[in-house]
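Q: Here is a sequence together with a model predicted from it:
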Amino acid sequence: MRFDWWTLALQTINFAVLVWLLHRFLYKPVLRMIDARRAEIDKQYSDARREEAKARERLAAIEAKHASIAAERESVLKNAAAQADESTKTRRAQAEREAAELLEGARRSLAAERNQALAEAQRVALELGAEFARRLLAEVPLQLRAEAWLERLEQHLATLPDSELKALIGQCDNGAALTIVTASPLPSGTAEVWLTRLRKPLGPEITMKFIVDPTLVAGTELHFPNSILRFSWQSALAALRAEIDGHGNAH
């Protein structure tokens, strides 16, 4: 198989342009959005700390008040002073518990909002990145894109263990067809090249047909009767979305 340096050069240039666009129009705006959200969360955390200070001030006032009451009662009656001291301890413990619960609730709320904001920013970045990449990919000639997809299929099939490859081929026995799914229709000449080159690892007897599925965005899939080999952007984007949703739910 001949290596096309022009294809590599074009893909390298496209990748560099994609990286620059993502940095210019995606990465910086997302960072600004995250910084704004972080500033808002920090403000809420500061508010929670002020509430903590107020709770401690109230606790100090209660302690001072009951200390005064205890001192006055002690001079009159020791028994009354002992009861006042017991009441003070109870209220103090309750105030400390309430303050601790308030702080813990605020921390949990802030952590949840921070994680949610991060997950949302990641989703926005993913969608914007996919849209930029889709537009750039549309400028690449279909023949070059098809060649890259076909090479990926050939490389994957070449690295499969013999047992797995034979199992895949065996699914197409008795006339069952292998369906080649692409995001865009392949020109007839390109389709014939695909058939010729895929029959080398899969065998000349295998029946193959083409269908188009625009939801793949880019790439291709091989649909065997009982299994699917996915090499499309659709599957990659779905995996990234699942990963982002999984991290958000875990937190």
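A: Cool, the structure landed.
Q: Identify each of the helices in the stretch 151-251 of the chain and give its residue range.
A: 162-170, 188-202, 233-250 (DSSP state H, counting those that start in this stretch).
Q: rank those by pLDDT, which is bottom?
A: Among those, helix 233-250 carries the lowest mean pLDDT, at a mean of 58.
Q: separation between residue 36 and residue 191?
A: 50 Å (CB to CB, to the nearest Å). C-beta: built from backbone N, CA, C; applies to glycine.
Q: To clarify, my last question referred to residue 48.
A: From residue 48 to residue 191 the distance is 63 Å (CB to CB).
Q: Likewise for residue 206?
A: Applying CB to CB, the value for residue 206 to residue 191 is 15 Å.
Q: What does residue 205 show for phi and psi?
A: When read as degrees, to the nearest 10, the backbone of residue 205 gives phi -80, psi -10.
Q: List the buried residues of stretch 8-20.
A: Across stretch 8-20, burial judged by 16 or more other CB atoms under 10 Å covers 10, 14, 18.
Q: Of all those residues, the one with the weakest confidence?
A: Within those, pLDDT is lowest for residue 18, at 74.
Q: tell me the SS of it?
A: Residue 18 falls in the helix class when you classify it by DSSP: H, G, I helix; E, B strand; the rest coil.
Q: Report the contact partners of the closest residue to residue 63 other than its chain neighbours.
A: Once flanking residues are discounted, residue 63 sits nearest to residue 92: 6.4 Å by CB to CB, 6 or more residues apart in numbering. The contact partners of residue 92, taken as CB atoms under 8 Å, 6 or more residues apart in numbering, are 59, 62, 63.
Q: Could you do residue 223 as well?
A: The neighbours of residue 223, taking CB under 8 Å, 6+ apart as the test, are 178, 179, 180, 181.
Q: any idea how far residue 232 is from the second one?
A: Here the criterion is CB to CB. By it, residue 179 lies 14 Å from residue 232.
Q: distance of residue 178 from residue 100?
A: According to CB to CB, residue 178 and residue 100 sit 64 Å apart.
Q: returning to that earlier point: who has more neighbours, residue 179 and residue 232?
A: residue 232 (20 against 16; other CB atoms under 10 Å).
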